[in-house]
Every structure is written in structure tokens, then in C-alpha cells.
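Trainee: Quick one, what's the 3D model for this:
(chains A, B and C)
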Amino acid sequence: MNYWLFKSEPESYSIDDLANEKKQTACWDGIRNYQARNMLRDDIKVADKLFFYHSNAKPTGIVGVCKVVKNAYPDHTAFDPNSKYFDPKSSKENIRWVMVDVQLVEKFNGIISLQQLKVTIGLEDMMVCRRGARLSIQPVTAEQWKIVMNISKKL
DNA sequence: GCCAACGTTGGC
DNA sequence: GCCAACGTTGGC
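Mentor: All right, here's what the predicted structure looks like:
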């Protein structure tokens, strides 16, 4: 099992939106970056866990935990001309973008801000703490996962 | 709203 | 295949 961090702008989709979904489950659509796509397709599997991260927010940070409940499958928004994620170069014969389904496991009692992550011993190398880590899906090590979960229990 | 850091595109 | 121009992300 592997650990990840998924970013979402809460204005477009927040952890509360996920909490309000049927079965608290949703498809994570709209990933349009090849590196992130490759991780979704090749590495992110059912039962993997991920941090739900609010980007472009006040404050920005980790707000909860989800698990993967469905392996990668075609992202249908790429075929929909009315979607902002529409990709004319993608087709059902030539699948370019995929997504997984995630289910909410736990919403933290607060947020672990990026500021806090950055000053936490042991998280120096966490991708989200580093400058220019713009990837919307990032791997998290087991050790980093443990440290963040410990912080979350004190919120 | 600014801007640094990337990623993508397309002409050559 | 190079690289300049352009677009996007996302913290601040």
C-alpha cells in the first residue's frame, strides 16, 4: 500500500464537498498533467491512502484522509466539450487522461497548514514543502505519513 | 495581483 | 530535437 497527497482548490472542490457525496465517494477528475497521470495509472491502487490538501486556500494545508476505492479508469470529462477539462486530443479510442475514485476516511478537526508542515522535523523533504512542487498528486513516504497523522490527532 | 517555477506548444 | 513563447499553478 502506498501513500499520496492530492491537491484540490476548495473553491472548486473541498473536503466538505466530498463529505456530502453519496457514500462520501467521488471520482477525482480533471488531472491534466502527465506525471500525475502516470502515477494515477501505474502506481495508485485500491486501498492506497491519501491526504486531502487544500491549495489556493486560506490557509492552505492538509484537511483530511481518503482512500482509493477504484483503480484508474478513463476520465470522462476529457470527452465532454462542455467541461472545463475537455481535451479535444483525447478520445475513447485514444484515452489520454484517467482518474481514480476516492472515499473520505477522516476529516481532521482542523487544518495542518503548509506553514506548519514546513517547520515540522522530518517533513523537510515532503514534496509539498519544497519550492516549485506544483504537482497536484504527490507521493508521500510512510514516515511522512506517520508524522502528519500524529499532528492530526492533536488538532 | 504578483511572480517564480514549471509544463506545453509549435515553428524551425 | 531545440528552444522561445506562452500558459498554468499556487504560495505569498
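
Trainee: Which helix or strand contains residue A:125?
Mentor: Using DSSP states H and E, residue A:125 falls within no helix or strand.

Trainee: Run through the residues that contact it.
Mentor: By Cβ atoms under 8 Å, 6 or more residues apart in numbering, residue A:125 lies in contact with residue A:144. All C-beta atoms are positioned from the backbone trio N, CA, C, and that covers glycine.

Trainee: and the gap between it and residue A:57?
Mentor: The spacing between residue A:125 and residue A:57, counted by Cβ to Cβ, to the nearest Å, is 23 Å.

Trainee: the residue most distant from the middle of chain A, which is it?
Mentor: Going by Cα atoms, centre = their mean, the residue of chain A most distant from its centre is residue A:93, 27.0 Å out.

Trainee: show me what contacts that one?
Mentor: By Cβ under 8 Å, 6+ apart, the contact list for residue A:93 is empty.

Trainee: do the same with residue A:65
Mentor: Taking Cβ under 8 Å, 6+ apart as the criterion, residue A:65 is in contact with A:49, A:50, A:51, A:52, A:104, A:105, A:106, A:108, A:149, A:152.

Trainee: So what are the sheet partners of the helix or strand where the third one lies and their directions?
Mentor: When secondary structure is defined by DSSP H and E, residue A:51 falls within strand A:49-54. Taking DSSP bridges as the criterion, strand A:49-54 pairs within the sheet with strand A:3-8 (parallel), strand A:61-74 (antiparallel).

Trainee: Of the ones you listed, give the one that comes closest to DNA strand B.
Mentor: strand A:3-8 (13.8 Å; Cβ to the nearest atom of the strand).

Trainee: buried sites along the closest one?
Mentor: A:3, A:4, A:5, A:6, A:7, A:8 (16 or more other Cβ atoms under 10 Å).

Trainee: circling back to that earlier point, want to throw the strands paired with strand A:49-54 into JSON lines with distance to DNA strand B?
Mentor: Output for the strands paired with strand A:49-54, formatted as JSON lines (distance: least, Cβ to the nearest atom of the strand, whole Å):
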{"stretch": "strand A:3-8", "distance to DNA strand B": "14"}
{"stretch": "strand A:61-74", "distance to DNA strand B": "16"}
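
Trainee: Which among those is found nearest to residue A:81?
Mentor: With Cβ to Cβ as the criterion, residue A:81 lies closest to strand A:61-74 of those, at 16.0 Å.
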